[in-house]
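Enquirer: Here is a sequence together with a model predicted from it:
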Amino acid sequence: MNSKTVYRFFVDYVKEEVWLNEMANQGWYLQRFRLGRYVFIKGEPGMYTYRIELLENMPKHPKSQEYFEFLEEMDIEVVDTSFRWVFLRKRTSEEPFHLYSDFDSQIHHEHRILQLYKVIFFVNIIAVLINLFNPISDTMIWFNLAIVTGLSFVMQRQDRKIRTLRGLRKIAEQD
């Protein structure tokens with residue numbers, strides 16, 4: 001079997017990265033991604049390291065295209081994109097593959113993710129309010145409420161991550 005498809009859903013991109021790198025260590029390399037559907041091909045174990053990033057713009061935007069060219073110069077391959085998310089990989093080497101080398105850029109990236117969660121959260125709040133006045137769609141209200149509830153926990157965790165990074169930056173500045 002040279003390829004396989006796996007269906008999984010992640011809310012935390014860090015956990016998704018860990019899983020993709022575990023798959024790569026077993027010799028399964030991501031080729032395509034679409035909304036929880038991962039397509040892998042078989043290869044030599046441990047050849048690549050994966051990272052996931054939320055872009056500031058859509059992938060077709062000129063700034064994103066410019067960024068992709070920069071990544072290519074750094075021998076980082078864009079595997080696939082999904083909305084503003086980009087899946088990246090680099091050949092495994094002695095040096096670790098990090099996208100951000102300082103606290104400010106890490107904080108900025110995590111803040112972008114929090115902003116995305118907030119947009120989805122408020123869209124679902126509006127959907128709940130609209131569904132309150134529409135007796136036909138009473139089952140949809142529960143779906144939207146579940147999303148709002150889940151996202152409130154995810155946003156809280158994301159905010160905690162940003163505050164932790166800010167605290168670590170402050171400690172690093174004191175040294």
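Expert: Cool, got the structure.
Enquirer: Just the CA coordinates for stretch 26-36, please, in CSV.
Expert: Extracted C-alpha coordinates of stretch 26-36, given in CSV (Å, rounded to 0.1, in the frame of the first residue of the first chain):
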residue,chain,number,x,y,z
GLN,A,26,6.6,5.9,10.5
GLY,A,27,7.2,6.8,6.9
TRP,A,28,3.8,8.3,6.1
TYR,A,29,4.1,11.7,4.4
LEU,A,30,1.3,14.2,4.0
GLN,A,31,0.4,15.0,0.4
ARG,A,32,-3.1,16.6,0.7
PHE,A,33,-5.4,18.0,3.4
ARG,A,34,-9.0,19.0,3.2
LEU,A,35,-11.2,19.5,6.3
GLY,A,36,-10.1,16.6,8.4
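Enquirer: Give me the contacts around that stretch.
Expert: Contact with stretch 26-36 is made by 3-4, 7-9, 20, 23-24, 38-48, 50, 79-80, 82, 87, 89, as judged by CB atoms under 8 Å, 6 or more residues apart in numbering. For every residue, glycine as well, the C-beta is placed using N, CA and C.
Enquirer: buried sites along that stretch?
Expert: In terms of neighbour count (16 or more other CB atoms under 10 Å), stretch 26-36 has its buried residues at W28, Y29, L30, F33.
Enquirer: what about that stretch, average pLDDT?
Expert: Averaging pLDDT along stretch 26-36 gives 93.
Enquirer: and if you look at stretch 67-87?
Expert: Stretch 67-87 comes out at a mean pLDDT of 94.
Enquirer: Please apply the same query to stretch 110-118.
Expert: Computed over stretch 110-118, the average pLDDT equals 94.
Enquirer: Do you have the helices of this structure handy? List them.
Expert: In order along the chain, the chain carries the following helices (DSSP state H): 13-25, 62-73, 103-132, 138-174.
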